[in-house]
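K.L.:
Prediction below, plus the sequence it came from.
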Amino acid sequence: MSEVIVFYFFAAVTLLSGLRVISTSNPIMSALYLVGSMVGISGLFFLLNAPFIAAVQLMVYAGAVMVLFLFVVMIFDTKDDGKKGNSPGPLVGGLKALSIGGLAGIFLYVILFKISNFGYLSPDPSAPQFEVKNMAKLLFTDYMFSFEVLGLLLLVIPIGTVALSRIRGGTHAK
Amino acid sequence: MLSNLMSIGLGHYLLVSAMLFGMGLWGVLLRKNILVVLMSIELMLNAVNLAFVTFGYFLNDANGAVIVLFVIAIAAAEAAVGLALIITIFKNYKEVNIRFLEHLKG
């Protein structure tokens, strides 16, 4: 019973914050609401018996990535260009909104009517599938190659980022 | 499957995930501020992560969680590169509107 209440609480936090991310015109508020959304998702991970993923989510997303976002947002002082940039043409905007609505309709149809095929699923809360030991075993056997490629990516990304930011004098640009 | 509001099942988590993904798509397609577009991409990645962990939990399978770790690492890298691009655009045009991405070349 308490699990149900906690689920609805975290789902509400996630969805309302997510809605505010895209509806507020101030990017700083967007970034702060994004933190709320991340924390809500992290709570849902806890409910799904995956505390390690939840902790990683909190540290990497709500910690590192959001600090990066807020840092860039506050460099810019771009308070109100969300307002004037928020109106595409009626045809293009309508087409985009229609495509989003169509996708949402497909999602809803699949979840409400097709997912009942998964009705036999019975999760075992005591199953150890999300324990760090099991995940680490998978990471260093089945996903070994992907893991190495990820390491390469994390080497390339800082170089690319620094190279991009240093174009025309970096932060000392006139 | 959603008929019972008092017992949380697969459908509830997937519905939250789908709604979050829809919001992210809305932000990516309809906002003009590149910062907000990047944040919407993060929202979409989070929605997919939630779906992965949900299926991992309901199928008693650890693969979903491992893929989520990859997604989180790549999302952080993507945010860093995207923000570097935004800084470059801002330095040239003093505004972070998405239409300035037309001037990219090379």
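P.N.:
Yes, it's here. Numbering: from 1, shown residues only, chains lettered A, B, ... in the order given.
K.L.:
what about the residue lying closest to B:V28 once chain neighbours are set aside, which SS state?
P.N.:
Using Cβ to Cβ, 6 or more residues apart in numbering or on different chains and skipping the chain neighbours, the partner closest in space to B:V28 is B:S40 (4.7 Å). Every residue, glycine included, has its C-beta placed from N, CA and C. Following DSSP: H, G, I helix; E, B strand; the rest coil, the label given to B:S40 is helix.
K.L.:
Let me see the contact set for B:S40.
P.N.:
Contacts for B:S40 (Cβ atoms under 8 Å, 6 or more residues apart in numbering or on different chains) come out as A:21-22, B:23-28, B:31.
K.L.:
Turn these into CSV, including neighbour count.
P.N.:
Listed next are these as CSV, based on neighbours: other Cβ atoms under 10 Å in any protein chain shown:
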residue, neighbour count
A:V21, 28
A:I22, 22
B:M23, 26
B:G24, 25
B:L25, 21
B:W26, 22
B:G27, 25
B:V28, 20
B:R31, 24
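K.L.:
I'd like these laid out as a markdown table, including distance to B:L14, pLDDT and secondary structure.
P.N.:
Formatted as a markdown table, the contacts of B:S40 follow (distance: Cβ to Cβ, whole Å; pLDDT from 0 to 100; DSSP: H, G, I helix; E, B strand; the rest coil):
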| residue | distance to B:L14 | pLDDT | secondary structure |
| --- | --- | --- | --- |
| A:V21 | 21 | 91 | helix |
| A:I22 | 21 | 90 | helix |
| B:M23 | 15 | 91 | helix |
| B:G24 | 15 | 92 | helix |
| B:L25 | 16 | 91 | helix |
| B:W26 | 19 | 89 | helix |
| B:G27 | 20 | 89 | helix |
| B:V28 | 21 | 89 | helix |
| B:R31 | 25 | 83 | coil |
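K.L.:
from the residues you listed, which two are the most distant?
P.N.:
A:V21 and B:L25 (12.5 Å; Cβ to Cβ).
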